[in-house]
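**Q** Here is my input, please return the structure:
(chains A and B)
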Number of protein chains: 2
Amino acid sequence: MLTRDVLEDPVALTRALVDIESVSGDEAEIADQVQHALGGTGLKVERFGHTIVARTELGRPERVVLAGHLDTVPLNDNWPSRTEGGLMHGCGTSDMKAGTAIALHLAVTEQAPRHDVTYVFYECEEVDSARNGLKILADKRPELLTDASFALLLEPTHGLVEAGCQGTLRVLARTAGRRAHSARSWLGDNAIHKAAPILRSLQVYEPRTVVIDGCEFREGLNAVRIGGGVAGNVIPDECVVEVNFRFAPDRSEEQAAAHVREVLAGFELEIVDSAPGALPGLDAPAAREFLAAIGQPRRAKLGWTDVARFATLGVPALNYGPGDPNLAHKQDEHVELDKIVEGADVVRRWLTAGA
Amino acid sequence: MLTRDVLEDPVALTRALVDIESVSGDEAEIADQVQHALGGTGLKVERFGHTIVARTELGRPERVVLAGHLDTVPLNDNWPSRTEGGLMHGCGTSDMKAGTAIALHLAVTEQAPRHDVTYVFYECEEVDSARNGLKILADKRPELLTDASFALLLEPTHGLVEAGCQGTLRVLARTAGRRAHSARSWLGDNAIHKAAPILRSLQVYEPRTVVIDGCEFREGLNAVRIGGGVAGNVIPDECVVEVNFRFAPDRSEEQAAAHVREVLAGFELEIVDSAPGALPGLDAPAAREFLAAIGQPRRAKLGWTDVARFATLGVPALNYGPGDPNLAHKQDEHVELDKIVEGADVVRRWLTAGA
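**A** Below is the predicted model of the structure:
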């Protein structure tokens, strides 16, 4: 139960949220509890599936978004939470119930922010983008997001400001051949052998590093999966290489696809997934304010996050959260308790500075 | 039911055997029926699992083996048999119930062969060699086979004499790397990319052709399977290429393995399966008699067959059977009815010539 005591303590709230199991697709209970906690705050609360939007209506000239997802990757023998020596361990501690707890804590306790705030708690971030609660909200009710001038996504950045994000493209490169018994291989045409130049091109590929707005974005072009073959005595007639291109946000999705086509020229390619990057957007006034409040240098977000969705809606966005992003999706996922406290303080200072 | 009428007609017997479903591992019923058919022939019948051995005891100075397997590859919407325009279609028609029917037909009907004959009807030829009924028999009771001076294996050769056989070696070539999130690929080490030189070596490999005893053996070195990858956003830490080397019988298994190690030098290799080839062995007296009876040129067997097992036991062996070997394991597998009749006549002529 998210009691008042729990809601007022971001560490206790993180623990409580972690201990509500909410693997993607199973967010009903956590969404119910978040919705219940927001009742009686005076915020205007709306629910879409298991995504909850809570808006202040204070008539401020500017509006900002604080957003966090409610779901986690599958449990991996690392649930419920366990706190030991200043660390809270468990599935979702870092990615991203600590960040989500900061947003919920502020939604319930901060009565007088200097900007109007739209709090978004959403489902299914860890699975196919078609099910992503923020995407569904942006498609159905974009006006609930687009009236903001800045969004803060509380994804794990280990207390640093991570600006923008890489785009990501997944492509299948296929080779085709002809089956034959391997004892008479000259009657066939080996599709796996034909994949040699694909792997070679990826092996010698030199990825770009681009500096945008003071943030360094490193790209990467990698085979992430390969499969081919029929049986131990059959010349294979197909080989498929799945390639993932993580690209800097100065390339559009189309430009990224054209680049992969150039690198793998001559091969049959099929794009199976694509998401744009997001430019850092550090010149938006609210972004500058946030950077000033936190008083830290920014760095590029090396990974894809939902800041790209905000960017697509025309809302500049930053990543900032207590967890270590390198622990996300790992069995030993954990978060430092003092990073949670520090994060809640930083965000509150920004929201109330000058108020 | 294998009635006397059916047993006396090799075409009807082929049809009856095809219509007893006997995918590898499921040979109980067909073995029961074969065993029953051999009862009352005066042959000495012994059963080992679903492998049946029936021996004449005529006191002839020489003994020969006629052998055929009882199992088939899995059905592929091609069962039961269908006869149309001189062809019998269906799973097992070519590989090798037509050949097995010839052996069973002769076992039941031929009372006075010039050599003693050991008929072998065995299980599990189409699966891992550890389950192969002929192998199990050779391990347990080799004396039932080694007293023969020649073996005829009725595997499909389309009515030609195929001598000897290729050896086969399967090897796993592995590359190792280090996982990382694909958005930060420089923290990892891509194992799939490292497989590029393996595929390249196979792609440019030029296989040998060797003529032995007038038979031309073509070799082949092929990737038959490849696999690697963890998820669409993870740098893969392992890639495995399964390589099949079909080698001419002038190489031993050890020499074949050394050759593959040379071609794929620098990679971690694991031998997962190995079977020796068999030299043509055409100078054995019974082999010469058979060639004279059939009056045809011989060619090399391009494929691995159990003649290699006989060769290992010191028993020269040939492949000769009615089916087309290129149809084996295919959905449109079929056999010409007149090839069955011709095959039965040829083998009987050899067994009774001079008698």
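**Q** From here on, just use CA atoms for contacts and neighbour counts.
**A** OK.
**Q** In a helix, A:A311, correct?
**A** Yes: counting by DSSP: H, G, I helix; E, B strand; the rest coil, A:A311 is located in a helix.
**Q** you'd agree it is up against A:A284?
**A** No: counting by CA atoms under 8 Å, A:A311 stays clear of A:A284, with 11.7 Å between them.
**Q** Neighbour count for those two, which is higher?
**A** Applying other CA atoms under 10 Å in any protein chain shown to A:A311 and A:A284 shows that A:A311 carries more neighbours, namely 22 against 15.
**Q** For that one, which non-adjacent residue is spatially closest?
**A** Leaving out its chain neighbours, the residue that sits closest to A:A311 by CA to CA, 6 or more residues apart in numbering or on different chains is A:A278, at 5.8 Å.
**Q** List phi and psi for the one you found.
**A** Main-chain dihedrals, A:A278, degrees, to the nearest 10: phi -140, psi 130.
**Q** And A:E253, by the same measure?
**A** Torsion angles at A:E253 (phi, psi; degrees, to the nearest 10) stand at phi -60, psi -40.
**Q** For it, which residues are in contact?
**A** With contact set as CA atoms under 8 Å, 6 or more residues apart in numbering or on different chains, A:E253 has these partners: A:G167, A:L169, A:S274, A:A275, A:P276, A:G277.
**Q** cool, and A:L351?
**A** For A:L351, the contacting residues are A:P113, A:R114, A:H115, by CA under 8 Å, 6+ apart.
**Q** Give me the residue ranges of the stretch 251-355 of chain A where confidence is low.
**A** A:354-355 (pLDDT under 70).
**Q** follow-up on the earlier one: with distance to A:R225, secondary structure and neighbour count as added columns, please give the contacts of A:L351 in CSV.
**A** Shown next, in CSV, are the contacts of A:L351 (distance: CA to CA, whole Å; DSSP: H, G, I helix; E, B strand; the rest coil; neighbours: other CA atoms under 10 Å in any protein chain shown):
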residue, distance to A:R225, secondary structure, neighbour count
A:P113, 48, coil, 21
A:R114, 49, coil, 18
A:H115, 46, coil, 23
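**Q** now the strands: where do they sit in the stretch 1-150 of chain A?
**A** Taking DSSP state E, counting those that start in this stretch as the test, the strands found in the stretch 1-150 of chain A are A:44-48, A:51-55, A:63-69, A:82-84, A:87-89, A:116-122, A:150-153.
**Q** Can you check which of these gets nearest to chain B?
**A** With CA to the nearest CA as the measure, strand A:150-153 is the member of the strands of the stretch 1-150 of chain A nearest chain B (18.2 Å).
**Q** Against which helices or strands is the closest one packed?
**A** Applying 3 or more CA pairs under 8 Å, 6 or more residues apart in numbering or on different chains; DSSP states H and E, one finds that strand A:150-153 contacts strand A:63-69, helix A:307-312, strand A:317-319.
**Q** quick check, distance from the last one to the centre of its chain.
**A** The chain centroid and the centroid of strand A:317-319 are separated by 11 Å, computed with CA atoms, centre = their mean, to the nearest Å.
**Q** now stretch A:214-231
**A** With CA atoms, centre = their mean, you get 19 Å for stretch A:214-231.
**Q** and what of stretch A:244-251?
**A** Offset of stretch A:244-251 from its chain centre (CA atoms, centre = their mean): 15 Å.
**Q** swap in stretch A:5-16?
**A** 23 Å.
**Q** list the buried ones in that stretch?
**A** The neighbour-count check on stretch A:5-16 (16 or more other CA atoms under 10 Å in any protein chain shown) flags A:V6, A:L7, A:E8, A:D9, A:P10, A:V11, A:A12, A:L13, A:T14, A:R15, A:A16 as buried.
**Q** One more: stretch A:108-126?
**A** A:108, A:113-126.
**Q** now, the most widely separated pair of those residues?
**A** Farthest pair in those (CA to CA) is A:R114 and A:E126. Separation: 32.1 Å.
**Q** Around chain B, which positions in the stretch 151-300 of chain A sit nearby?
**A** A:166, A:170, A:182-186, A:190, A:192-200, A:202-203, A:218-220, A:222-236, A:242, A:244, A:246 (CA under 8 Å from any CA of the partner chain).
**Q** Show the buried residues in those.
**A** Buried members of these, counted by 16+ other CA under 10 Å: A:166, A:170, A:182-185, A:190, A:192-200, A:202-203, A:218-220, A:222-229, A:232-236, A:242, A:244, A:246.
**Q** Now, those residues that are in helices?
**A** Counting by DSSP state H, these place A:A196, A:P197, A:I198, A:L199, A:R200, A:L202, A:Q203 in helices.
**Q** Kindly indicate which of those residues lies nearest B:H89.
**A** The nearest member of those to B:H89, counting by CA to CA, is A:A196 at 39.4 Å.
**Q** isn't the closest one right up against B:L202?
**A** No: if you go by CA under 8 Å, A:A196 and B:L202 don't touch, sitting 9.0 Å apart.
**Q** Just want the angle from the host helix or strand of A:L172 to helix A:196-204.
**A** Assigned by DSSP states H and E, A:L172 belongs to strand A:167-176. Relative orientation of strand A:167-176 versus helix A:196-204 (axes from the mean of the first three to the mean of the last three CA atoms, to 10 degrees): 150 degrees.
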